[in-house]
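A.B. asks: I need the structure of the sequence given here:
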Amino acid sequence: MRYILTFLLLFSTFVLCGQRAERLPFLQPADTLNKWRFWGSAATGTLIYTGTMIGLNEIWYAEFERSSFQFFNDLGEWEDMDKWGHLTTAYVEANWVYKGARWTGLEDRKSIWLGVALGSLFQASIETLDGFSAKWGFSIPDIAYNTAGVSLFAAQQLAWNEQRILMKVSAHYKTYPDTEVQSVSGSQTSSLRNRANALYGRHYAERFFKDYNAQTIWASVNPRSFMKKESSRIPSWLNIAVGYGAENMYGGFANEWNENDVFYKLEGDEYKRYRQFYLSLDIDMTRIKTKSPFLKTVFNIINVIKIPAPTLEINTLGQVRFHPIYF
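C.D. replies: Reported below is the predicted structural model:
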């Protein structure tokens, strides 16, 4: 998921910028607008955004055939794992921009709308690059899920002044079998492992972002925040997470592909594509009490990752599974 890189780079905007006008600890948010922080963040963010777009265009998109601007309806591709990834990425971008803006001392409402604007801008920019690629195209469903992501952030911040429902991601390293696959013509052979390596990469870091079979998208809900805090014994940091995933995907819409101009197709029920729904426990790291600004920053960064925990799975094959530990 190449769009994940955008929010990783975006967060560094606020890490790279300091302040000069006040003797304020670097990680401590300013109570009022700190112009050095604000304009430093704006300048650094502009440079990072420009560099990211140029880099993606020259390094990633240059490898694929270009075209005139086109639209592409990819709803249902990858069993919609890509769509939920868009929603999660846009949500996280808006949330991180908001927190970075609050760190500069920008007032709350302006910080919310800045998060919405920049989260939308980053995602729309990548979608525009897709629009000029012959392999993809500008996807209205992608934009819809991006909008849903920033809206989820803004609605919670405006209604509750906090995020009670967090969007998170988890991924495990999946080992693919070296099962032989015969071409449709019957003249060539490949393997599931070769196909997975070509699609998703070979190393965990690459697989984490690209392997839709191994990813799970989570909505992590904090029950305590909906209760009267003085009467609840539920820890403030304990969340209940609902997850979505899919399995047996070796192609976008179907398990068929071209490899070295040879056509392959998986048939039968052995590798039938299916969707997975999960129920698990999670931790909202930002609700762990600490006086350390450093730890608060670390908790905010890693809070996009769902922690491993016992998990119940129900899938569209009609199966119910219990995972003692699932990530």
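A.B. asks: that's a strand at residue 242, yeah?
C.D. replies: Yes. Assessed with DSSP: H, G, I helix; E, B strand; the rest coil, residue 242 lies in a strand.
A.B. asks: from memory it sits against residue 276, does it?
C.D. replies: No. Counting by CB atoms under 8 Å, residue 242 does not reach residue 276; the two are 11.6 Å apart. Where you see a C-beta, it was placed from the backbone N, CA and C, and this is true even at glycine.
A.B. asks: Residue 288 is in contact with residue 299, isn't it?
C.D. replies: Yes. In this structure residue 288 lies within contact range of residue 299 using CB under 8 Å: 6.2 Å.
A.B. asks: Quick test: name the residue nearest the centre of the protein.
C.D. replies: What sits nearest the mean C-alpha location of the chain, by CA atoms, centre = their mean, is residue 89, with 3.8 Å.
A.B. asks: what's the distance between that one and residue 145?
C.D. replies: Remark: distance between residue 89 and residue 145 (CB to CB, to the nearest Å) = 9 Å.
A.B. asks: Kindly report the same for residue 168.
C.D. replies: Distance from residue 168 to residue 145, by CB to CB: 16 Å.
A.B. asks: Okay, now the unreliable bits of the chain?
C.D. replies: The chain contains residues with pLDDT under 70 at 1-23, 230-231.
A.B. asks: if you set the cut-off to 50 instead, what comes out?
C.D. replies: In the predicted model, the chain carries pLDDT under 50 at residues 1-22.
A.B. asks: Walk me through the domains of it.
C.D. replies: 1-162, 164-327 (automatic domain parsing).
A.B. asks: Contact partners for residue 312?
C.D. replies: Contacts here follow CB atoms under 8 Å, 6 or more residues apart in numbering; on that basis residue 312 touches 278, 279, 280, 320, 321, 322, 323.
A.B. asks: again, only this time at 7 Å
C.D. replies: Shown in contact with residue 312 (CB atoms under 7 Å, 6 or more residues apart in numbering): 278, 279, 322.
A.B. asks: Residue 249 versus the closest residue in space to residue 253 that isn't next to it in sequence, what's the distance?
C.D. replies: What sits nearest to residue 253 in space, not counting adjacent residues and going by CB to CB, 6 or more residues apart in numbering, is residue 77, at 5.5 Å. Plainly put, residue 77 is 9 Å away from residue 249 if you go by CB to CB.
A.B. asks: before we move on, what about residue 157?
C.D. replies: Separation of residue 157 from residue 249 (CB to CB): 34 Å.
A.B. asks: what does residue 28 give?
C.D. replies: In this structure, residue 28 and residue 249 are 45 Å apart, going by CB to CB.
A.B. asks: Check which residues of stretch 318-327 are buried.
C.D. replies: Judged by neighbour count (16 or more other CB atoms under 10 Å), stretch 318-327 contains these buried residues: 326, 327.
A.B. asks: what distance separates that stretch from the centre of its chain?
C.D. replies: Computed by CA atoms, centre = their mean, to the nearest Å, the separation of stretch 318-327 from the middle of its chain amounts to 22 Å.
A.B. asks: repeat for stretch 110-128
C.D. replies: Put simply, stretch 110-128 sits 15 Å off its chain's centre (CA atoms, centre = their mean).
A.B. asks: Please apply the same query to stretch 303-315.
C.D. replies: Centroid separation between stretch 303-315 and its chain, computed with CA atoms, centre = their mean, is 15 Å.
A.B. asks: same thing with stretch 191-206?
C.D. replies: 20 Å.
A.B. asks: now the helices for the chain?
C.D. replies: All helices of the chain, identified by DSSP state H, fall at 4-16, 35-55, 81-104, 108-131, 140-160, 192-200, 204-210, 293-302.
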